[in-house]
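Q: Make a model of this:
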Amino acid sequence: MTIKCSVFIATSLDGFIARKNGDLDWLPGSDGAAEIEDYGFKEFFLSIDTLVIGRNTYELALTFKEWPYRGKNVVVLSSRFPKTPKNLAQGVEGTSLSPAELIHRLASSGSKHVYVDGGKTIQSFLHADLIHEMTITRIPILIGEGISLFGPLAHDIKLAHLTTITFESGFVKSKYKVTTTS
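A: Next comes the predicted model:
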C-alpha cells in the first residue's frame, strides 16, 4: 500500500499562494482571458489519480468556467463540506478525516498518486510527514502579503533539489523531494 503525495503549486516571489482574501488576480491566466503555457501541469495532472484539497480551494474551483479536476477523484478536507453541484456529484466527496487517516483510506482503495492542493491542506500534510515531492513555480511578482504556502513549521523539513526550469516568462519551476521531516 504505497502511496505518493505531491504538491504542484505557484507562489509569488515573496512566497504567497493567494492574496489575504484568497484572490488569485496576480497569477497570470487566473482571469481565463488568454491561454497561457501550463508549465508542466498537464503532465503532472495525468500522473495523479486523486486530488485532496481544502474547502476554500474547492469553493474557488467551483467559480471557474470549467471544473478543472474532471476525471479525477476529488476529496475535500473540511468539517463543513459544502453542497456539491449535481454535475460534480460523481467523483467529489467531503471528509473531516485527518491527513494520515485519509491517506490510509485512499491507499486501501487503490490510490497510487495524490495531488495535495490548498495552503492549509498542504501545511497539514507537511505536518503529518505525508508529502513526498513538491513542485513550486515562482512567479516574478511581489504581492506583499497574502496566504503563505508554508506557514509556521514545528520542525525543519529537509528537501533534495531535483530540477529547476526557467521560462521566458520569468517563471522558475523547481521540484524537490522531501528527504527528512524531523
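Q: What ranges in this protein fall below the confidence cut-off?
A: 1, 29-36, 81-90, 181-182 (pLDDT under 70).
Q: Now the spatially most central residue of it: closest residue in space, sequence neighbours ignored.
A: Centroid-nearest residue in the chain, with C-alpha atoms, centre = their mean: residue 117, separated by 2.0 Å. Nearest residue to residue 117 in three dimensions, chain neighbours excluded: residue 53, at 4.8 Å (C-beta to C-beta, 6 or more residues apart in numbering). Backbone N, C-alpha and C define where each C-beta goes, glycine included.
Q: Report the beta-bridge partners for that neighbour.
A: residue 76, residue 117 (DSSP bridges).
Q: Ok, residue 172 next?
A: With DSSP bridges as the rule, residue 172 is bridged to residue 138, residue 166.
Q: Was I right to think the residue nearest to residue 117 contacts residue 119?
A: No: judged on C-beta atoms under 8 Å, residue 53 makes no contact with residue 119 at a distance of 10.3 Å.
Q: who has more neighbours, those two?
A: Between residue 53 and residue 119, counting by other C-beta atoms under 10 Å, residue 53 is the more crowded of the two (24 against 21).
Q: can you pull the contacts of the more buried one?
A: 61, 74, 75, 76, 77, 116, 117, 118, 121 (C-beta atoms under 8 Å, 6 or more residues apart in numbering).
Q: just the helices in this structure please.
A: With helices called from DSSP state H, the chain shows them at 41-47, 55-61, 99-108, 119-127.
Q: Just send those helices back as a markdown table, with distance to residue 171 too.
A: As requested, the helices of the chain are exported to a markdown table (distance: least, C-beta to C-beta, whole Å):
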| stretch | distance to residue 171 |
| --- | --- |
| helix 41-47 | 12 |
| helix 55-61 | 21 |
| helix 99-108 | 29 |
| helix 119-127 | 19 |
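Q: Which stretch among the ones you listed is buried most, on average?
A: Highest mean neighbour count of the helices of the chain: helix 119-127, a mean of 21 (counted as mean count of other C-beta atoms under 10 Å).
Q: hmm, who's touching that helix?
A: Counting by C-beta under 8 Å, 6+ apart, residues outside helix 119-127 touching it are 5, 7, 9, 17-18, 52-54, 56-57, 77, 99, 116, 131, 147-151, 153-154, 157, 181.
Q: One more pass at 7 Å, please.
A: If you take C-beta atoms under 7 Å, 6 or more residues apart in numbering as the criterion, helix 119-127 is touched by 5, 7, 17, 52-54, 77, 99, 116, 131, 147-151, 154, 157.
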